[in-house]
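Enquirer: got a predicted model here, sequence first, then my questions.
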Amino acid sequence: MIIVIAIVLLVVGTVLFHFLSPWTFTPLASNWTAIDSTISITILITGIVFILVNLFMAYAIYKFRYRKDRKADYEPENKKLEIWLTGITAVGIAALLAPGLFAWSSFISKPDDAQTVEVLGKQWHWLYRFPGDDGVLGATDPRFVSPDNPFGLDPQDPAGQDDILVFSNILHLPVDQPMEMKMRAMDVLHNFGVPQFRAKMDMVPGMVTSMWLTPTRIGNFEVVCMQLCGMGHHAMRGRVVVQEQDDFQQWLDHQPTFAETLDEHHWGNPENGEALYQTCAGCHGTAGEGNPAMNAPKVSGLGQQYLIRQLEYYRDGVRGAHEDDSLGQQMAGMMATLPDEQAIRDVSAYIMTLPDQPAENTIVGDLRRGEQYYASCADCHGTSAEGNYYTRAPRLAGQLDSYLVRQIENFKSGVRGAHESDQYGMQMRLFAQRVQTEQQVNDLVAYINSLEPDSD
């Protein structure tokens with residue numbers, strides 16, 4: 001009787017949990033109601049089978065429990081029962097498969113008016129590409145991949161010159177517009193998915209996969225990688241911003257074309273940037289060497305795209321807006337000296353010309369323990385903390401160690417990386433939790449500054 005009661009309670013508890021649980025689907029934000037219906041049908045059929053099988057098992061245990069006054073009959077075959085079980089099972093499987101087949105048929109049949117966007121996945125971030133005025137995406141090849149051409153576009157293909165490149169893990173889409181999403185992976189298996197869209201697709205190296213959807217609700221939605229892709233898989237996140245067509249077009253017009261990225265002037269004029277940098281030199285030093293007394297980090301040796309991104313963050317309030325970030329607030333105020341995008345590119349281009357020298361070490365820690373903590377950092381920042389253009393991770397080696405300590409603490413406390421537009425900062429917040437104590441932070445930073453910065 002104990003087993004019978006336990007099985008019945010299991011069934012009752014499972015049914016109650018299903019209806020009373022606070023966990024449910026995220027609100028639908030696309031056209032894929034068919035996928036919700038398919039999931040609901042699957043849950044209904046499997047739920048009924050679960051209830052019937054378990055209740056029958058409880059009945060059988062109770063009805064045919066052991067008694068001294070009776071003996072079990074031996075019946076090796078029962079053709080009538082087998083026919084019934086086979087028929088019922090076949091009907092159940094067909095009921096499970098049929099809705100999914102109809103949904104899949106629609107999922108792979110894009111509408112004629114669908115616009116195209118390419119999604120490029122790489123450990124552990126996303127990049128996006130839109131066709132230009134010709135409506136055609138240019139040809140790509142892995143041999144063309146470089147820091148200046150992360151998409152691997154063929155420079156000789158005319159169709160790729162006007163392709164619009166999005167160097168960010170934030171994708172904008174127009175509402176109520178069907179979108180075909182072509183997907184590529186640069187390294188390992190990834191899977192692009194947005195829970196509110198109910199649409200996801202594997203991204204396989206060497207292949208182009210695709211799916212389509214129509215965003216139906218304006219808002220911000222999180223992108224997650226739904227395929228285990230390495231140590232940083234949990235942090236491979238992005239964001240989709242669904243907006244009105246006019247707002248989307250305005251955003252798209254601000255993204256560079258492939259031809260523009262090939263133009264050396266696109267990345268700024270260092271001669272103009274030298275004059276702009278004179279204000280920065282008061283804190284960061286004439287050679288960009290940083291100044292611990294001013295709490296100003298070293299800026300020489302950092303990649304230009306990282307510099308541009310951080311300056312834009314300060315300009316847009318992504319950094320320096322937190323009430324506890326007094327130093328960031330100072331930097332945000334200084335952005336008035338860089339009035340536009342061209343000024344940001346010019347000053348960053350000048351900083352790239354400054355000689356790089358490692359800062360003096362002031363933090364003492366256990367290098368052996370620090371090396372263990374740094375193991376997860378190396379996947380993005382490099383084994384020598386040299387930085388990695390493809391993961392958008394800056395160089396850490398040679399940086400002021402007091403600045404590194406402060407930023408780790410800022411990430412841990414949410415002073416930095418909490419803004420919804422700082423997706424890379426969000427990733428750092430997740431990784432920063434690995435070092436909990438002050439000594440652990442010191443061990444990590446001491447190890448980083450024991451590494452030789454890349455001289456290339």
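Expert: Nice, I can see it.
Enquirer: from here on, just use CA atoms for contacts and neighbour counts.
Expert: Fine.
Enquirer: helices of the stretch 201-350 of the chain, residue ranges please.
Expert: Along the stretch 201-350 of the chain, the stretches classed as helices by DSSP state H, counting those that start in this stretch are 245-253, 258-262, 270-284, 304-316, 326-334, 341-351.
Enquirer: in the helix or strand following the last one, what's buried?
Expert: Secondary structure here is assigned by DSSP states H and E; on that basis, the next helix or strand after helix 341-351 toward the C-terminus is helix 367-381. Within helix 367-381, the residues scored as buried using 16 or more other CA atoms under 10 Å are L367, G370, E371, Y373, Y374, S376, C377, A378, D379, C380, H381.
Enquirer: ok, now stretch 211-228?
Expert: In stretch 211-228, counting by 16+ other CA under 10 Å, buried: 211-217, 221-227.
Enquirer: those residues into TSV, with extra columns for pLDDT and distance to G301?
Expert: Formatted as TSV, the buried residues of stretch 211-228 follow (pLDDT from 0 to 100; distance: CA to CA, whole Å):
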residue	pLDDT	distance to G301
M211	93	41
W212	95	42
L213	95	42
T214	96	43
P215	96	41
T216	96	44
R217	95	43
F221	95	35
E222	93	32
V223	94	31
V224	92	31
C225	93	31
M226	93	35
Q227	91	34
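Enquirer: nearest to N54, of the buried residues of helix 367-381?
Expert: The shortest approach to N54 among the buried residues of helix 367-381 belongs to S376, at 45.6 Å (CA to CA).
Enquirer: ok, the closest one - contacts?
Expert: By CA atoms under 8 Å, 6 or more residues apart in numbering, the contact set of S376 is M231, G232, F431.
Enquirer: check which residues of stretch 322-334 are buried.
Expert: Going by 16+ other CA under 10 Å, stretch 322-334 has these buried residues: H322, G328, Q329, M331, A332.
Enquirer: what's the farthest-apart pair in those?
Expert: The largest separation in the buried residues of stretch 322-334, counting by CA to CA, is between H322 and M331 at 12.2 Å.
Enquirer: quick one: end-to-end length of stretch 390-407, please.
Expert: Using CA to CA, to the nearest Å, the end-to-end distance of stretch 390-407 comes to 22 Å.
Enquirer: in it, what counts as buried?
Expert: Of the residues in stretch 390-407, 390-405, 407 count as buried by neighbour count, 16+ other CA under 10 Å.
Enquirer: would you mind finding the longest helix in the protein?
Expert: helix 33-63 (DSSP state H).
Enquirer: immediately after that one, which helix or strand?
Expert: Sequence-wise, the next helix or strand downstream of helix 33-63 (DSSP H and E) is helix 79-107.
Enquirer: who is K200 paired with across the strands?
Expert: Note on K200: beta-bridge partners G193, judged by DSSP bridges.
Enquirer: list the contacts of it.
Expert: By CA under 8 Å, 6+ apart, K200 lies in contact with N191, F192, G193, V194, M211, M226.
Enquirer: out of these, what pair is the most spread apart?
Expert: Spatial extent of the contacts of K200 (CA to CA) is set by the pair M211 and M226 at 14.9 Å.
Enquirer: list the residues that contact Q161.
Expert: Per CA under 8 Å, 6+ apart, neighbours of Q161: G138, P155, T257, F258, A259.
Enquirer: please name every helix or strand in contact with the longest helix of the chain.
Expert: If contacts are counted by 3 or more CA pairs under 8 Å, 6 or more residues apart in numbering; DSSP states H and E, helix 33-63 sits against helix 2-20, helix 79-107.
Enquirer: and the angle for it with helix 79-107?
Expert: Regarding helix 33-63 and helix 79-107, their directions subtend 160 degrees when assessed with axes from the mean of the first three to the mean of the last three CA atoms, to 10 degrees.
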